[in-house]
Each structure stands twice: as C-alpha cells, then as structure tokens.
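Novice: Make a model of this:
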Amino acid sequence: MHSRSIVYGGLAASLLLGAFTANAQQSDSKMPAWPELKKKIEAHWSTTYPTEKVLSVEPKGGVEYSSTERVTETDWWWTDVKEISGAFARQTALVTVERANRSRARFEVAALYRGADNKYRFDKIAVGPVAELGAPGAPALPSSKAASELFLAAWRKARPDFTPSAVTILGTPAMNQSGERRWINYKLAIDAVGTAKGPAKFSGKKVRCEPADYASALKWDAVSSSWIADEASIVNINEDSACSLAP
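Specialist: Okay, here's the model as predicted:
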C-alpha cells in the first residue's frame with residue numbers, strides 16, 4: 001500500500017486517516033452535501049494530479065465528526081505526531097483514476113473540514129491508501145455497491161444456515177493476478193440471522209460474520225466478462241470462528 005503526503009513549507013505532513021476519532025456527536029446539516037464534497041475532491045485531483053483521469057468518486061460511509069485530529073509531521077531527521085483539539089469533520093471517499101499509461105488505481109481520500117462560528121469550512125484533501133486495479137486491459141474493480149450485492153447474493157445461495165440482510169466492505173480490496181487469472185480479496189462484515197440449519201446458538205438470532213479476506217473473493221469470469229463471487233470459499237467459512245452474536 002502507498003500513500004501520498006501533503007507538504008507544508010518543507011515538511012511532509014501525512015494525515016493519519018485511521019486516527020480521526022468520531023467522538024463528537026453533531027448534525028450532518030453543518031457540512032456541505034455530498035455533491036459539493038465530490039466537486040472539492042475532483043477539483044483537487046485535476047489541479048494536483050493533472051495527468052490522472054478521475055473515473056469515479058464514491059462516498060465511503062457518512063460524515064464523521066471529532067474534537068481531535070492527529071497529524072504526523074516528518075523532516076529529514078525527525079518525526080513528530082501532534083494531536084490538535086478543536087472541531088473537525090471529514091467525509092471519506094474512494095477515488096478511481098486512470099493514469100497516463102492506462103493503468104488504474106483506487107485511492108482512499110478524505111475531505112477535511114474545520115469548525116468555527118457554528119459552521120464547517122473546507123480545510124484540505126488528504127490522500128491515503130491506494131489499491132492498484134491492474135495493467136491496461138485489466139477489468140475494472142467493481143463499485144463497492146456492486147461488490148456488496150454480489151457477496152450478498154452468494155451468501156444467500158451458499159449458506160442456508162444464515163439469512164443474510166447486508167454486506168459491508170471493510171478496508172480496501174486487494175486486486176490479484178496470476179497468469180490470466182484475476183481475483184479480488186475483500187474484508188467483509190455480513191449481517192444475518194441464523195436459521196435452524198445452522199448451530200443452535202445462532203438459530204433465530206442476529207449474527208455478524210467477519211471472515212478472513214482470503215475467504216471473500218470475486219473472480220473475473222472471462223466468458224461472461226463479469227465478476228462473480230467465489231461461492232466455494234463462502235461454503236467453507238467456519239461459522240464458529242468467523243461469526244458471533246450481534247450486540
């Protein structure tokens with residue numbers, strides 16, 4: 001995984017996206033709507049990375065608010081982590097781009113805002129982890145929504161011991177290739193209700209399953225030119241280790 005740094009007066013300051021703690025409960029109405037946030041991200045890309053063509057910008061979750069923000073600053077010989085107090089908000093998004101050499105990549109970014117005078121004002125765009133989507137001619141990574149729907153359908157077909165209701169993608173998917181074979185591994189959370197065909201401890205109860213990423217894969221089917229879920233791996237998931245009763 002790679003990340004891009006934000007430079008301030010000779011210092012490379014990389015925002016730790018995972019260090020933003022949403023511990024302040026506020027209303028999304030104080031933040032701009034998604035269309036405006038999307039325009040901010042697209043404008044940042046066109047000016048900062050002009051050789052890259054933006055193919056899509058998707059929101060990842062909702063707006064998060066926090067009373068602290070942690071930033072890492074590095075120079076030639078030192079690294080310093082600072083925690084800043086105040087009012088902060090961010091919207092995480094997934095940006096899929098095509099480079100000049102036709103290769104594609106998906107970046108996780110955050111539109112960051114600072115609160116003042118009961119209003120949030122734009123601060124900056126922070127660029128975090130990137131997932132390489134393959135060389136020219138490789139199939140494009142499916143959208144998060146499309147991938148979730150494929151896994152939901154596969155779980156409903158392959159696991160009669162559960163009645164799945166939702167699939168959430170956790171983290172950034174990993175594209176893999178071996179010869180002509182292409183597949184994508186995902187870290188998933190599956191919300192379901194246990195049925196009488198499974199363990200008694202889950203029967204009729206709400207369950208959340210988080211299997212290892214190697215058990216949740218989409219495979220490229222060249223015949224149909226589409227991504228399909230690897231149902232065999234889903235069948236083999238051990239529900240005792242991967243699933244637990246939902247709180």
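
Novice: Tell me which residues touch the closest residue to residue 159 other than its chain neighbours, please.
Specialist: Once flanking residues are discounted, residue 159 sits nearest to residue 234: 6.3 Å by C-beta to C-beta, 6 or more residues apart in numbering. Any C-beta I mention is one placed from the backbone N, CA and C, and that applies to glycine too. By C-beta atoms under 8 Å, 6 or more residues apart in numbering, the contact list for residue 234 reads 154-155, 158-159, 215-216.

Novice: And residue 245, by the same measure?
Specialist: For residue 245, the contact set (C-beta under 8 Å, 6+ apart) comprises 201-202, 205-207.

Novice: Over to residue 44?
Specialist: residue 125.

Novice: Against residue 58, how distant is it?
Specialist: Separation of residue 44 from residue 58 (C-beta to C-beta, to the nearest Å): 16 Å.

Novice: ditto for residue 111
Specialist: 13 Å.

Novice: Now do the shared contacts for those two.
Specialist: In contact with both residue 111 and residue 58: residue 93, using C-beta under 8 Å, 6+ apart.

Novice: who has more neighbours, the two?
Specialist: Taking neighbours as other C-beta atoms under 10 Å, residue 111 and residue 58 compare with residue 111 leading, 26 against 15.

Novice: Near residue 60, how many other residues are there?
Specialist: Here the count is done by other C-beta under 10 Å, and residue 60 has 14 residues near it.

Novice: what's the answer for the one 3 residues further on, then?
Specialist: Taking other C-beta under 10 Å as the criterion, the count of residues near residue 63 is 22.
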